[in-house]
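Student: need a structure here:
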Amino acid sequence: MKNAFTMIELVFVIVVLGILSSIALPRMNASRDDAEIVRLMTNIKTLTSDITNYYNANGCLSNNPNFMSNVATFSSAAGGAHAGNGSCLANGGSVSMHIRVKNKPCYALTYGVSEYMGAWVRIDGMSAGASNACELAHNQATMKSMRDVSFTYTDETGANKTAKGTRIGGLNPNKFR
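Tutor: Take a look at the predicted model:
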C-alpha cells in the first residue's frame, strides 16, 4: 500500500486549482468594482444631503466642506485638503471638490451661493484619469439622474434661466440680494 501522492497527482491538483482561481479572481474584482460604484453614489448622495442640511440649519454654506460633512473629499488644488476656515461662503462664491475612488479623483462636485440662483449644488462630471470603477459608475442610470439635474431661476434682467445642479434651502434666492 502506498503512503504518498505521485508527482502526476500533485501536478493535476495544482492545475485544477489554477483553473478554478482563474475563474474566481475576475469575478471577485468585478464585485469590488460594483462595491466601489455603490460607495461612490452613496458618498455623493450623502454629501449633497449633508450640504443641504447644513444650509437649512445654519442659513449659509461653509467655505470648507469638511465642516458640513464627514464624506472624504479633496480640494481641486493638487488634491490637497480644503483651505477654508469654516466661515460662510460669500455671495457669488463656490467650492469645488473631488470624490475619490481607489485613491484617484472620480467626480467633481461644486456648491455655491449666488444672488439670483440662491444656494445650489451640482455634480460637475468625471475627473481626468478616473478609475475603471468611476467609468462604470458614469454609465449607471442612478448616476446619470444625479448628474443631469437642473433648476430654473430668474436673472437680473427678469429672464428665466436654467442652471445645472440642484437648488437647496428652498426656492427664495432673495436672501442673497
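
Student: Hmm, Y153 is touching N160, no?
Tutor: Yes: with contact defined as C-beta atoms under 8 Å, Y153 reaches N160; the gap is 7.4 Å. For every residue, glycine as well, the C-beta is placed using N, CA and C.

Student: what about the two, which has more around it?
Tutor: Y153 (18 against 8; other C-beta atoms under 10 Å).

Student: from what I can see, the more buried one looks like it's in a helix, true?
Tutor: No: secondary structure assignment (DSSP: H, G, I helix; E, B strand; the rest coil) places Y153 in strand, not in a helix.

Student: G169 versus that one, what's the distance?
Tutor: 13 Å (C-beta to C-beta, to the nearest Å).

Student: Could you point out the longest helix of this protein?
Tutor: Looking only at the chain and at elements set by DSSP state H, the helix with the highest residue count is helix 7-58.

Student: If you count contacts, what does that one end up packed against?
Tutor: Counting contacts by 3 or more C-beta pairs under 8 Å, 6 or more residues apart in numbering; DSSP states H and E, helix 7-58 packs against strand 94-101, strand 104-114, strand 118-126, helix 132-138, helix 141-147, strand 166-168.

Student: can we see that at 6 Å?
Tutor: Counting contacts by 3 or more C-beta pairs under 6 Å, 6 or more residues apart in numbering; DSSP states H and E, helix 7-58 packs against strand 94-101, strand 118-126, helix 132-138.
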